[in-house]
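Participant: here is my input; please provide its structure:
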Amino acid sequence: MAFGVSAVVGYIDPVTGQVHNATGANVTTLIGAVCFLVGAVLLLPERTEETRERAVAPAGGAPGS
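Facilitator: Presented below is the predicted three-dimensional model:
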């Protein structure tokens, strides 16, 4: 959502080539990047938990024996 706002805020005038609000575009892009970072950090424990469950092998012989 923040990246969409960034695109709207950082509108470039086709006649002059000037960015209307470069600071606003940069701030909303930063907010979007921080949101992606927070999402990635929140997914780390879930990924680690899944890996631990797969690492535990069932007791018994080798497969196919």
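Participant: pretty sure residue 28 sits against residue 5.
Facilitator: Yes - contact criterion CB atoms under 8 Å: residue 28 and residue 5 qualify, at 4.7 Å. C-betas here are computed from N, CA, C, even on glycine.
Participant: can you tell me how far the closest residue in space to residue 22 that isn't next to it in sequence sits from residue 24?
Facilitator: Leaving aside its chain neighbours, residue 22 sits nearest to residue 10 (6.4 Å; criterion: CB to CB, 6 or more residues apart in numbering). Distance, residue 10 to residue 24, using CB to CB, to the nearest Å: 7 Å.
Participant: name the SS class of the closest residue in space to residue 1 that isn't next to it in sequence, please.
Facilitator: Once flanking residues are discounted, residue 1 sits nearest to residue 32: 7.7 Å by CB to CB, 6+ apart. Three-state call for residue 32 (DSSP: H, G, I helix; E, B strand; the rest coil): helix.
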